[in-house]
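**Q** Just need the structure, nothing else, for what follows:
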Amino acid sequence: MKKISKLLALVLTLAMVLSCTAVMAFAAKKKTTYKTYDYDKNGKVVYTVLGDSIPAGWSAPGFVEWSKEVANWPIVPDTYPAYLKQSLDADVVNMDAHIGLRSTDLRYLLDETYAGDIAVGWRVPTTDRYRQIDYEKLAVLRAEYQKDVASADIITLGIGINDMTIPSGILDNVQQENLNGLLNPGAVWGDLLTAVSQLADNTAYMAQVSTLLFGFYQTYCANFDAIVQKIYELNPNVKLYVIGYYNAAQDAYIKGALPVDIGAVVTPFIDLFNSHAANNAATYGYTYVKMEHIDTLFCDPTSAGYLNDNHPTPAGHKQMADIIMESIEADL
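**A** All right, here's what the predicted structure looks like:
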């Protein structure tokens, strides 16, 4: 009986030792286990959103335009950055996508060596309405953008659609000084498609748009490359996902005696801008995410933005998030 008691005591002692060892090992393991997307292994996942009105959530319920003097705007619910925050289990999301941003504006906000153009005052701090840059506030804002890029594990970059859609707006507003109206991200898309609707009887107008568009495309290419290089300069190990643009008018037609397939007319413009980002992915090391067949307000007859607003529907934002996450998970 005494031998059995000693044996039992030994077994219990070993069990306690093994139990403590297991707890310590579990604690140690937990301490050094990071989230899947925490690439810099600092204990938190940081996702930074760079881009224009699409990721910013323009036209989505709950969108509120914040000050252009602040880099980090609120995330709008049911937009693709909101869905990605959940899928990535992100601890921090820097919503640095703003409405109306062109590649020129984003490059200007990231790179202090770039001079920008006459229109950058629309999206950066100014001392008057649109022209005189407030350089002290700009320095603070630029530092915020750079910090948000430098601290990110994952960045999504969607820039260029405003470079593409403003040529017709410039033609229509060439005598006006109101850059706010000129660069309005919703109205200008409508302007472009109004121009397309005139294609049959106003080829000269469309020729002017096409000529101006190609000039903007060349500027976009230079800006895009500079933006990507600056991102990697600030954060060499970041996972960068460049989001391609969908054709918002893919299912839109103008009916009548001379019908126009708007989607078919717009496709070459979309493909032109997407091609530069797609073709340079291997060169720079980012992942290009192709966007197709996204539900948009432009093609939704029940929407107030029907045939005018190129932004995604709520379902479209979910589609975009799913496509982006598929690319992110493929890179693991």
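
**Q** Could you check how far the closest residue to residue 247 other than its chain neighbours is from residue 226?
**A** The shortest distance from residue 247 to any non-neighbouring residue, by C-beta to C-beta, 6 or more residues apart in numbering, is to residue 270 (4.9 Å). Where C-beta positions appear, they are placed from N, C-alpha and C, glycine not excepted. To residue 226, residue 270 is 22 Å away according to C-beta to C-beta, to the nearest Å.

**Q** which of the two has more neighbours?
**A** Applying other C-beta atoms under 10 Å to residue 270 and residue 226 shows that residue 270 carries more neighbours, namely 21 against 17.

**Q** ranges for the strands of the stretch 201-332 of the chain?
**A** 239-243, 253-254, 260-261, 287-289 (DSSP state E, counting those that start in this stretch).

**Q** Lowest average pLDDT across those?
**A** Set side by side, those give their lowest mean pLDDT on strand 253-254, at a mean of 62.

**Q** Domain ranges for the chain, per the record?
**A** For the chain, automatic domain parsing gives the domain ranges 1-33, 39-330.

**Q** deepest of those, which one?
**A** Per-stretch averages of neighbours, counted by mean count of other C-beta atoms under 10 Å, single out domain 39-330 among these, with a mean of 18.

**Q** now the helix or strand encompassing residue 156 against strand 239-243, angle please.
**A** Using DSSP states H and E, residue 156 falls within strand 154-158. On the basis of axes from the mean of the first three to the mean of the last three C-alpha atoms, to 10 degrees, strand 154-158 is oriented at 20 degrees to strand 239-243.

**Q** Who are the packing partners of strand 154-158?
**A** If you count contacts as 3 or more C-beta pairs under 8 Å, 6 or more residues apart in numbering; DSSP states H and E, strand 154-158 packs onto strand 46-51, helix 53-56, helix 80-88, helix 203-234, strand 239-243.

**Q** In its sheet, which strands sit next to that strand, and in what direction?
**A** Take DSSP bridges as the rule and strand 154-158 pairs in its sheet with strand 46-51 (parallel), strand 239-243 (parallel).

**Q** now the strands for the stretch 1-150 of the chain?
**A** Using DSSP E, counting those that start in this stretch, strands in the stretch 1-150 of the chain cover 46-51, 92-97.

**Q** Could you export those strands as CSV, including distance to residue 129 and mean pLDDT?
**A** Shown next, in CSV, are the strands of the stretch 1-150 of the chain (distance: least, C-beta to C-beta, whole Å; pLDDT from 0 to 100):
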stretch, distance to residue 129, mean pLDDT
strand 46-51, 24, 98
strand 92-97, 23, 98
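
**Q** need those in CSV with distance to residue 262, can you?
**A** Output for those, formatted as CSV (distance: least, C-beta to C-beta, whole Å):
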stretch, distance to residue 262
strand 46-51, 24
strand 92-97, 26
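
**Q** Which one of these lies nearest to residue 278?
**A** Closest of the strands of the stretch 1-150 of the chain to residue 278 is strand 46-51, at 16.6 Å (criterion: C-beta to C-beta).
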